[in-house]
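S.K.: Quick one, fold the following:
(3 chains)
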Amino acid sequence: MNSTTSIVAILLAGILTNNMVLSKFLGICPFLGVSKKVNTALSMSIAVTLVMVIATAVTWPIYTYLLYPNFTYLQTVVFILVIAAIVQLIEVFLKKFIKPIYNALGIYLPLITTNCAVLGITMLNITDGLNFGLSLVNALSAGLGFMLAMILFAGVRSKLETADIPEFLKGLPITLIAAALVALSFLGFAGIGG
Amino acid sequence: MKSKNLSILTNGIIKENPVLRLVLGTCPTLAVTTAAINGIGMGVAATIVLVCSNLVISLLRNFIPDKVRIPAFITIIAGFVSVVQMLVKAFTPAIDESLGIFLPLIVVNCIILARAEMFASKNPVLPSILDGLGMGIGFTATLTLMGAIRELLGAGTLFGLTITAEFIDPMIIFLLPPGGFFVFGILVAVSNALAKKQGKPVVEHLGCANCPSRAACKNAVTDGAPQECEKVGGSDE
Amino acid sequence: MKKILSKVEPIINKITSLYKKIGDVATPTIVLSIICVVVTLALSSTNMLTENKIKALAIKKQNEAMAKLIAADEYHELKANTTLGDVTYNAAIKDGDTIGCIFVTEANGYGGTISVMTAVNMDCKIIAVEILAASDETPGLGQNVTKPDWYSQFSGLKDDITVIKGGSANTENNEINAVTGATISSKAVTSAVNQALDYAAEIIVKGDKIK
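M.R.: Numbers count the residues shown, from 1 in each chain, chains lettered A, B, ... in the order given. Take a look at the predicted model:
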């Protein structure tokens, strides 16, 4: 497989067939919690994508050159601390230098430290044995996949607001059932690339 | 005193069931429950981490400065997760294979950080251990129940034993992601209906009260960000 | 005396407040560092305790799988460089003769990597295959590739195996049936097996010798 086709394959897989949220169940909390409005969903997913790519750019070299092969057991601890530090740094940087972006994304950043999609993608890049460039592409595609799922779902939820829902399903249950239907539609992408 | 400790223990199992009532730890809940045995494996691993981290954090509660509370908690939790991960790999490799990446991801399971932040950092050792144990049992029980439902409907088996597969064609969709969301939705609906009968509030959406990053979130609000914590709404995973 | 005191006092106050400020920054840093060091020590000691056990388990698993595929007296780990890249494989030895080669190859399935062990005899025919890892495949669909009923189809085939949907595969054309509803996983296993056959074709010189 040459590199262009593998980049395309990774992008397609991350966004459609192996969607972070809808097929790997990573990042469910923000998916359910921050998807009430399309614009908040968009801001959250931009912040997540940004952190994913930067976190991958930092954790991949750390794992490859420092932890491997003798200290791989420190992976979990090191990765989560690096992600926490990166999130803090991004927050400080945006606050100081790019105030408008900080105002838009700032409140979502602290929530991302413990977002399992971010830790998940940095670890999956290692387990899948991707090289540095493909890891970055993979992180980007996972972020874009997260974004697609968030925006689609925010759209679905805004329709739910006005729908006539049976009493016992009101609230979280109908949200989850709506998520099931969105996930069902994503199963249709399964044939791509096969 | 004894009854108080008992109520701390049972609190996590029923009244404040971490999955169905507090809606924490949804990622592993949905991801690993394709079989009942996976639910037990995930539940037990998370319970061990939860009890150990509650114990240590409660012991250190006066020693850890408030400012670095969250990073300190995360480090301690990550430490225990790695230890559990190595032990599982060495002694029960089958569970390691079926849980895959969700084993190290216990680090970001918000049940653990939430209990550290809301309970262990404010309470003595014994109640903290009981709280961790109760929450862990509640988590394990819910995951096992959900795994059992999905396994029975999706594969016609229960704990690997053939139950209905002989005479009812299994509905594979229940093992796939949509089935996970659907079964979880129905379970929350049932739990809501039961709560309503007893006059307790139903779970409407993911609330801010359960969010372990609440403190950080409030800081952001006072810094002049327009939205309130309520609107961010998400606990995180 | 009082004069001196009144001059010294602000200086002392300044020093104490400076100390306090340093303390405000230093205490959290020190505490956090201590926690990190303790956690690291705890992890490295657990690692020392479990490392050998984990490695032994992996070797045991591989040996058991190899013994299941070809009964032999011993297995020799060998390395070869082929036009497809370097490969590490095992030669199965019985009564002093090499009776087959065992390859472990991987391919991307639906959810993640599928790892397959393939044993071929000295005519480059498949003796049997074994699925080592396919835990990322969908339970009930893709995971069915791990069932012996399915992967036993590979036994006896050689060269460029193709996957056929709908159950009409002909072993004479080197075809196998896909698992119903899991074509991607079936194709992944097949491509891993084909890769092993490609290695074998280069390594095994016609008849009975290894290059």
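
S.K.: what about the residue lying farthest from the centre of chain B, is that helix, strand or coil?
M.R.: If you look at how far each residue of chain B sits from its centre, by C-alpha atoms, centre = their mean, the farthest one is B:Phe167, at 35.0 Å. Judged by DSSP: H, G, I helix; E, B strand; the rest coil, the three-state class of B:Phe167 is coil.

S.K.: again, but for C:Leu57
M.R.: Here C:Leu57 is helix, with the state taken from three-state DSSP.

S.K.: Leaving out sequence neighbours, find the closest residue to it.
M.R.: Spatial nearest neighbour of C:Leu57, excluding adjacent residues (C-beta to C-beta, 6 or more residues apart in numbering or on different chains): B:Pro93 at 5.7 Å. Where C-beta positions appear, they are placed from N, C-alpha and C, glycine not excepted.

S.K.: And the one you found, how close does it get to C:Lys61?
M.R.: 8 Å (C-beta to C-beta, to the nearest Å).

S.K.: Neighbour count for those two, which is higher?
M.R.: B:Pro93 (16 against 13; other C-beta atoms under 10 Å in any protein chain shown).

S.K.: Help me confirm that that one comes into contact with C:Lys60.
M.R.: No - under the criterion of C-beta atoms under 8 Å, B:Pro93 makes no contact with C:Lys60, lying 9.9 Å away.

S.K.: mind listing what the residue nearest the centre of chain C touches?
M.R.: Chain C has C:Ser115 as the residue nearest its centroid, 7.0 Å off, counting by C-alpha atoms, centre = their mean. Going by C-beta atoms under 8 Å, 6 or more residues apart in numbering or on different chains, C:Ser115 touches C:Val104, C:Thr105, C:Glu106, C:Ile131, C:Leu132, C:Ala133, C:Ala134, C:Ala192.

S.K.: Okay, domains of chain B per the record?
M.R.: B:2-197, B:205-237 (automatic domain parsing).

S.K.: lowest-confidence stretch among the ones you listed?
M.R.: Of all the domains of chain B, the minimum mean pLDDT falls on domain B:205-237 (a mean of 42).

S.K.: Counting neighbours, what do you get for residue 75?
M.R.: Picked chain A for this. So A:Gln75, with other C-beta under 10 Å, has 21 neighbours.

S.K.: um, chain B though
M.R.: Neighbours of B:Thr75 using other C-beta under 10 Å come to 21.

S.K.: which of the residues in the longest helix belonging to chain A are buried?
M.R.: Using DSSP state H to define each element, chain A has its longest helix at helix A:132-160. Using 16 or more other C-beta atoms under 10 Å in any protein chain shown as the test for burial, helix A:132-160 gives A:134-154, A:157.

S.K.: after that helix, next one along is what?
M.R.: For helix A:132-160, the succeeding helix or strand toward the C-terminus, using DSSP states H and E, is helix A:172-187.

S.K.: tilt between that following helix and helix A:132-160?
M.R.: 130 degrees (axes from the mean of the first three to the mean of the last three C-alpha atoms, to 10 degrees).

S.K.: Which elements pack onto helix A:172-187?
M.R.: Judged by 3 or more C-beta pairs under 8 Å, 6 or more residues apart in numbering or on different chains; DSSP states H and E, helix A:172-187 is in contact with helix A:28-33, helix A:132-160, helix B:177-197.

S.K.: Show me the contact partners of it.
M.R.: By C-beta under 8 Å, 6+ apart, helix A:172-187 touches A:16, A:19, A:22-23, A:31-32, A:149, A:152-153, A:156-157, A:160, A:165, A:169, B:23, B:173, B:176-182, B:184-186, B:188-189, B:192, B:203-206.

S.K.: Give me the buried stretch members for it, please.
M.R.: A:172-180, A:182-184, A:186-187.

S.K.: can you redo those as TSV with pLDDT?
M.R.: Listed next are the buried residues of helix A:172-187 as TSV, based on pLDDT from 0 to 100:
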residue	pLDDT
A:Leu172	88
A:Pro173	91
A:Ile174	92
A:Thr175	91
A:Leu176	93
A:Ile177	93
A:Ala178	93
A:Ala179	93
A:Ala180	94
A:Val182	93
A:Ala183	92
A:Leu184	91
A:Phe186	88
A:Leu187	84
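
S.K.: With respect to chain C, which of the residues you listed is nearest?
M.R.: When the buried residues of helix A:172-187 are compared for distance to chain C (C-beta to the nearest C-beta), A:Leu187 wins out at 9.9 Å.

S.K.: wait, what's in contact with C:Gly112?
M.R.: A:Thr127, A:Asp128, B:Gly100, C:Ser135, C:Asp136, C:Glu137.

S.K.: With secondary structure added, can I get those residues in JSON lines?
M.R.: Output for the contacts of C:Gly112, formatted as JSON lines (three-state DSSP):
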{"residue": "A:Thr127", "secondary structure": "helix"}
{"residue": "A:Asp128", "secondary structure": "coil"}
{"residue": "B:Gly100", "secondary structure": "helix"}
{"residue": "C:Ser135", "secondary structure": "coil"}
{"residue": "C:Asp136", "secondary structure": "coil"}
{"residue": "C:Glu137", "secondary structure": "coil"}
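
S.K.: before we move on, back to that, so which of the helices and strands packed on helix A:172-187 gets nearest B:Leu133?
M.R.: Judged by C-beta to C-beta, the one of those that comes nearest to B:Leu133 is helix B:177-197, at 21.0 Å.

S.K.: do that closest one and chain A meet at all?
M.R.: Yes - residues of helix B:177-197 contacting chain A under C-beta under 8 Å from any C-beta of the partner chain: B:177-182, B:184-186, B:188-189, B:192-193.

S.K.: Quick one: buried ones out of those residues?
M.R.: Among those, those classed as buried by 16+ other C-beta under 10 Å are B:Pro177, B:Pro178, B:Gly179, B:Gly180, B:Phe181, B:Phe182, B:Phe184, B:Gly185, B:Ile186, B:Val188, B:Ala189, B:Asn192.

S.K.: Intersect those with the contacts of chain C.
M.R.: Of those, not one also sits near chain C (C-beta under 8 Å from any C-beta).

S.K.: Could you list the contact residues of chain B toward chain C?
M.R.: B:34-35, B:63-65, B:67-68, B:71-72, B:75-76, B:78-79, B:82-83, B:86-87, B:89-91, B:93, B:97-98, B:100, B:154-155, B:170, B:172, B:175-176.
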